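>>> Sharing a model that was predicted from the sequence below.
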Amino acid sequence: MNFIENDEQFDAMQEALLREIVRAIRTGLGDIGIEPEKAFEATEKMTFSIAALLDGARPVMIEGEKVKPFLAFKKDKNCLLSNGGSSLHEMAFDVALEVCGDVDEAAGLE
């Protein structure tokens, strides 16, 4: 496997991952009938919490020890890394706002 450090590509991939997380949360909340305004607020909060866990901004305790996840993206024989690490939680609210607007509009909820 080839390890490649490319912050620009890494940022694009983590944003794409975050979009999918937001879509999954928002769609699931809509499927169970949560009203759009509450679903948006819940989606923002859940997205931020999940992102903070994935990128290590929120401590994770496993078997009594603090561990920090390390995000990387594997494509074919390449593994894309970022020297600065992941910043998913920093993008969470902006991506949630953008994606939820798209999801709600497509469902006729706006």
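Noted; the coordinates are in hand.

>>> Please, where are all the strands along this protein?
2-5, 60-62, 65-67, 73-75, 78-81 (DSSP state E).

>>> looking at the ones you listed, which is buried most?
Most buried of these, by mean neighbour count (mean count of other Cβ atoms under 10 Å): strand 78-81, with a mean of 17. C-beta: built from backbone N, CA, C; applies to glycine.

>>> Give the residue farthest from the middle of the chain.
Counting by Cα atoms, centre = their mean, the extreme residue of the chain relative to its mean C-alpha position is Gly64, 25.9 Å from that point.

>>> so how far is Phe3 from it?
Distance of Gly64 to Phe3, computed by Cβ to Cβ, to the nearest Å: 31 Å.

>>> Tell me where the model's unsure across the protein.
102-110 (pLDDT under 70).

>>> mind listing the helices for it?
7-31, 36-54, 88-106 (DSSP state H).

>>> Ala72: which of those is closest?
Closest of those to Ala72 is helix 7-31, at 8.4 Å (criterion: Cβ to Cβ).

>>> Output the contacting helices and strands for that closest one.
Other helices and strands packing on helix 7-31, by 3 or more Cβ pairs under 8 Å, 6 or more residues apart in numbering; DSSP states H and E, are helix 36-54, strand 73-75, strand 78-81, helix 88-106.

>>> ok, back up a step: could you dump the strands of the chain into TSV and include distance to Leu17?
As requested, the strands of the chain are exported to TSV (distance: least, Cβ to Cβ, whole Å):
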stretch	distance to Leu17
strand 2-5	17
strand 60-62	18
strand 65-67	20
strand 73-75	8
strand 78-81	12
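
>>> Among those strands, which comes closest to Leu18?
Taking Cβ to Cβ, strand 73-75 is the member of the strands of the chain nearest to Leu18, at 12.4 Å.

>>> check contacts around the residue most central in space within the chain.
In the chain, the residue lying closest to the centroid (Cα atoms, centre = their mean) is Leu18, at 2.7 Å. Contacts of Leu18 were listed using Cβ atoms under 8 Å, 6 or more residues apart in numbering, and they are Thr47, Ala51, Leu88, Met91, Ala92, Val95.
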